[in-house]
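with the input below, show me the fold.
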Amino acid sequence: MPQSPERQEPPAAGSPAKGRTQLTSYQWKSGIAAWLGWLFDGLDMHLYTIVAAPFIATLIQASSPTDAMVKEKSSWIQAAFLIGWALGGGFFGRLGDKLGRSRALCLTILTYALFTGLSAVAQTWWQLLIFRFLAALGIGGEWAVGSSLLSETWPKHWRAWIAAVLQTGVNMGVLLATLTTYLMAGMGERYVFLVGILPALLVFWIRRHVPEPEEWASAKAKAGRDMPGISDLFRGSVRRTTILVILVCATSLTAWWAFMFWHLQHLRSLPDISGWAPKEINQLASKAFAIVIGASIVGNFFAAWLARRVGYRRSIALMCLGFFVAMTFTYSVPRDSGALLRLIPCVGFFSGVFGLFTMYLPPLFPILLRTTGAGFCYNIGRIFAAAGTVVFGLLSPVGDLRTTLLYVSFLFIPAMLVALLLPDLRDEPAPAAA
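The predicted structure is shown next:
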């Protein structure tokens, strides 16, 4: 592990800076570290999603990426990935509370970079499943650690905008994944995973320049060995919040990940592109993915604007409602590839709701339960998403992924209703000018 960071200045938690020029060097460095961590998170997460069908077809020697066996194996691999994500959120979230945000952030990045790169050497579908599961441990942990790092170091009245910018890091990483797969469309799918090793280089910079937040360090010193455990999430006043957050995350993430995984395979199976060359179909999938993520970036900032005006819980509920309307309209009737390319940006736009969770969830929990609580509650939803990916995929009629996408959209209804029961956390007002 690279050397410990140099504490060049005290990292004042939640400094009430009124503008960018008043931010400290530490705040900028922690922000850059978290944003880059999320950027590479998005890259390593979606390199597989885009090339899943043709790569698995190669591994199982299927006749076509639309073969029923490809659909089945890819469902299990994606389920393993989501389960790994959930477990990683809990495991690294716990390490973030015990070892510190900066140290845990480095470990998460090293984990997902290493095992994404190793996916390139998979020779069977079950080997790929193992590598994706292990990579997901780091990806899931990075979310909780990075969000807690920023919630403890950046001005609290900027919380919604920080959430939008941080989520945009993931979106930019996904766009980088689409660019990678687009440019490498004529090469073997396995080679794109080698790009996923690059994030490991970020760890050296983080360990040298990003010390632990003062808020965490003070709480850790006071607690000594008397650290709260995961079971404390289900005790006292914290229990209600824990249960509500799990319900919202479980329902919304199941629907979102079903869309993210199945909409590309649905697109690849449409009759109007059946005569296209494999390279052209791969490039169409990359284009569709880029369109969704581009709309997501706009949605991030719309959600932040909404949260500043009506609060987080109402914003989450409204965005879930928009999600439901967009998905049901898009997949209510059969459409050709051109029509889908015009409609899927609406679905991507409302994914800005997930940016709100970034800064909303950590402050709901006590300091020494912050990464544990945010990581566990947000990522445990991926266990349900994993089950949903398999169940909805296997129960849908062969070749009819449109109905799968239509059915899962209804999960946004309970997500919307439960969101209205969450605590009404709002950003603090900006400090008055001197």
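
next SSE after the helix or strand of the chain with the lowest mean pLDDT?
Lowest by mean pLDDT, DSSP states H and E among the helices and strands of the chain is helix 370-395, with a mean of 71. On the C-terminal side of helix 370-395, the nearest following helix or strand under DSSP states H and E is helix 401-408.

only the buried residues of that following helix, if you could.
Within helix 401-408, the residues that count as buried by 16 or more other C-beta atoms under 10 Å are 401-402, 404-408. C-beta here means a position set from N, CA and C on the backbone, and glycine is covered the same way.

what packs against that helix?
helix 238-268, helix 312-331, helix 370-395 (3 or more C-beta pairs under 8 Å, 6 or more residues apart in numbering; DSSP states H and E).

any idea which of the ones you listed is most buried?
helix 370-395 (a mean of 24; mean count of other C-beta atoms under 10 Å).

nearest to residue 153, out of the helices and strands packed on helix 401-408?
Closest to residue 153 of the helices and strands packed on helix 401-408, according to C-beta to C-beta: helix 370-395, at 12.4 Å.

returning to what we had before: to residue 296, which of the helices and strands packed on helix 401-408 lies closest?
Across those, residue 296 has its closest neighbour in helix 238-268 (10.3 Å, C-beta to C-beta).

state the helix or strand in which residue 150 lies.
helix 125-151.

same question, residue 65
Judged by DSSP H and E, residue 65 forms part of no helix or strand.

how far away is it from residue 371?
39 Å (C-beta to C-beta, to the nearest Å).

could you do residue 417 as well?
Here residue 417 is placed at a distance of 28 Å from residue 371 (C-beta to C-beta).

and what of residue 135?
From residue 135 across to residue 371, the span is 20 Å (C-beta to C-beta).

what pLDDT does residue 300 get?
Note for residue 300: predicted pLDDT of 90.

re earlier: the helix holding residue 150: which residues count as buried?
For helix 125-151, the neighbour count (16+ other C-beta under 10 Å) marks 125, 128-151 as buried.

that helix - contacts with which helices or strands?
Packing contacts for helix 125-151, counted by 3+ C-beta pairs under 8 Å, 6+ apart, involve helix 25-59, helix 68-99, helix 101-118, helix 159-183, helix 353-360, helix 370-395.

centre of the chain versus that helix, how much separation?
Distance of helix 125-151 from its chain centroid, counting by C-alpha atoms, centre = their mean, to the nearest Å, is 9 Å.

likewise stretch 366-380?
Mean C-alpha position of stretch 366-380 versus that of the full chain (C-alpha atoms, centre = their mean) differs by 15 Å.

dump the C-alpha coordinates for that stretch into CSV.
The C-alpha coordinates for stretch 366-380 follow below in CSV (Å, rounded to 0.1, in the frame of the first residue of the first chain):
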residue,chain,number,x,y,z
PRO,A,366,-24.7,8.3,13.3
ILE,A,367,-21.1,9.1,12.4
LEU,A,368,-19.6,5.8,13.3
LEU,A,369,-22.5,4.0,11.5
ARG,A,370,-22.4,6.3,8.5
THR,A,371,-20.7,4.2,5.9
THR,A,372,-22.1,1.0,7.4
GLY,A,373,-25.6,2.3,7.3
ALA,A,374,-25.5,4.0,3.9
GLY,A,375,-23.6,1.1,2.4
PHE,A,376,-25.7,-1.6,3.9
CYS,A,377,-29.1,0.0,3.2
TYR,A,378,-28.4,1.2,-0.3
ASN,A,379,-26.6,-1.9,-1.4
ILE,A,380,-28.8,-4.5,0.2
